[in-house]
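model this:
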Amino acid sequence: MSILLFLLWILLNGRVTAEIVLTGAAVTALLMGFMARYMGWSARRERDVLRLLPLFLLYLLNLLRETIQAAATVLLVALTPSMRPEPVLVEFHSGLPREYQNVILANSITLTPGTITVFQEGDHFLVHALRKEYTEGLNRSSFVRLLRKFP
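Numbers count the residues shown, from 1 in each chain. As a prediction, this is how the structure comes out:
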């Protein structure tokens, strides 16, 4: 984290001088002290976050893929007169044990074109979809499978 903060300092300054480097080191040290004292930062937590980084990147790539596929499908519905929208509300349980996993899933569903999370409490979801087939297998989706791997 300290390296990223220091590099951000250098990047925002746009040049490298002795004064900028020394000031950046001081500001970085102050920020790290603040984060340790008031935000619960520790080297152990940073190590845990870095270990999860590959899984997080995999989730983001999956979200991007699903978003592109859904956008193409919604575009097809919009451009094909015979494929009219048939809005539907569907309830399901994700089976994910942690609140943050369910919140990420709710946001991922909303980010995917053609679906919107209307309600989410615990692992209970109410999803609005442009067509019924968009909601099939939501509780077994690639989002849920990847979120189950998060600690």
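
Would you tell me what the next helix or strand after the host helix or strand of Leu53 is?
Per DSSP states H and E: Leu53 is located in helix 43-79. Downstream of helix 43-79, the first helix or strand assigned by DSSP H and E is strand 88-93.

follow-up on the earlier one: buried stuff in the helix holding Leu53?
Within helix 43-79, the residues scored as buried using 16 or more other Cβ atoms under 10 Å are Tyr59, Asn62, Leu63, Glu66, Ala70, Thr73, Val74, Val77. C-betas here are computed from N, CA, C, even on glycine.

for those residues, which one is nearest Arg45?
Arg45 has its nearest neighbour among these in Tyr59, at 19.4 Å by Cβ to Cβ.

and the gap between the closest one and Ser42?
From Tyr59 across to Ser42, the span is 24 Å (Cβ to Cβ, to the nearest Å).

what does stretch 23-43 contact?
Here stretch 23-43 makes contact (Cβ atoms under 8 Å, 6 or more residues apart in numbering) with Met1, Ser2, Leu5, Phe6, Trp9, Ile10, Asn13.

Including distance to Leu31, neighbour count and pLDDT, could the residues you listed go into CSV?
Supplementary listing: those in CSV, determined by distance: Cβ to Cβ, whole Å; neighbours: other Cβ atoms under 10 Å; pLDDT from 0 to 100:
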residue, distance to Leu31, neighbour count, pLDDT
Met1, 9, 15, 80
Ser2, 8, 15, 82
Leu5, 6, 15, 88
Phe6, 10, 18, 90
Trp9, 9, 18, 91
Ile10, 14, 13, 91
Asn13, 15, 14, 90
